[in-house]
Structures are given as structure tokens and as C-alpha cells.
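Peer 1: please find the sequence and the predicted model below.
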Amino acid sequence: MEFQTISIKEFEKYRQKPDVWVIDLRTIEEYEEMHVGGARNIPYDNLEMYKKYLPKDKTYILYCDRGGTSLKVARELSREGYQAMTVVGGFQAILQNI
């Protein structure tokens, strides 16, 4: 299964869908300071522990601070059978477009 990279415009469209989960891969502290509404926080360092709770029938939009970590995770999840997308530029790009 392939993962996708999506723009901020596409992110806004996709995140409104009921079968999409937005996952913030940043630290708990970064998430608590500011995050996208409706995003679930799964810090990258804890991802392996939480994977078993991620249903494979959902689409996951991942973001980190600048996009590098979420790109890596999207690639990894897609290899494991998940539908994964990553936001180009990460949270910093999202902040510039609010």
C-alpha cells in the first residue's frame, strides 16, 4: 500500500471525513501547547506501543513539527497495511496557513 503526501489544502479537505484520524507525532508537551483541533497525540517515541490500537480500516493523516518524522512513519505504516498520509511541511506549514 502506498502512502501519500498531502498539501495543507488537501489536509483541510481530508480531515473533515469521518473515517480519517489525524495523528500528531510530536511530544506530549508540544501537543498540549498547540495542536490541530481533533488531532490525537501519539508521540513518535510511543508509536510502537499504540499501533495495536490503530484500526486498519481508517485513514491516518500524520504530522510532526516539520514533516520528516511523519514521512518516515507514513512509509512504515503503509508497509504494514495502513492507509497513511503525511502533511507536507508538518505542523509548521499548518501554522502558516491557519
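Peer 2: Looks like it arrived, so ask away. Numbers count the residues shown, from 1 in each chain.
Peer 1: tell me the centre residue of the protein?
Peer 2: By CA atoms, centre = their mean, the chain has its centre lying nearest to L62, at 1.1 Å.
Peer 1: so what's that one closest to, chain neighbours aside?
Peer 2: S70 (4.0 Å; CB to CB, 6 or more residues apart in numbering). All C-beta spots, glycine's among them, are computed from the backbone N, C-alpha and C.
Peer 1: pretty sure the one you found sits against E76.
Peer 2: No - using CB atoms under 8 Å, S70 makes no contact with E76, being 10.5 Å away.
Peer 1: more neighbours: which of those two?
Peer 2: Comparing S70 with E76 by other CB atoms under 10 Å, the one with more neighbours is S70, at 30 against 14.
Peer 1: residue contacts, the more buried one?
Peer 2: Taking CB atoms under 8 Å, 6 or more residues apart in numbering, we find S70 in contact with L25, L62, Y63, C64, T86, V87, G90.
Peer 1: tell me which two in these are the farthest apart.
Peer 2: Comparing every pair within the contacts of S70 by CB to CB identifies L25 and V87 as the most remote, at 10.7 Å.
Peer 1: what is in contact with the two at once?
Peer 2: Both L25 and V87 are in contact with L62, Y63, S70, where contact means CB under 8 Å, 6+ apart.
Peer 1: in strands, which of these appear?
Peer 2: If you go by DSSP state E, the shared contacts of L25 and V87 have L62, Y63 in strands.
Peer 1: alright, I will stop here.
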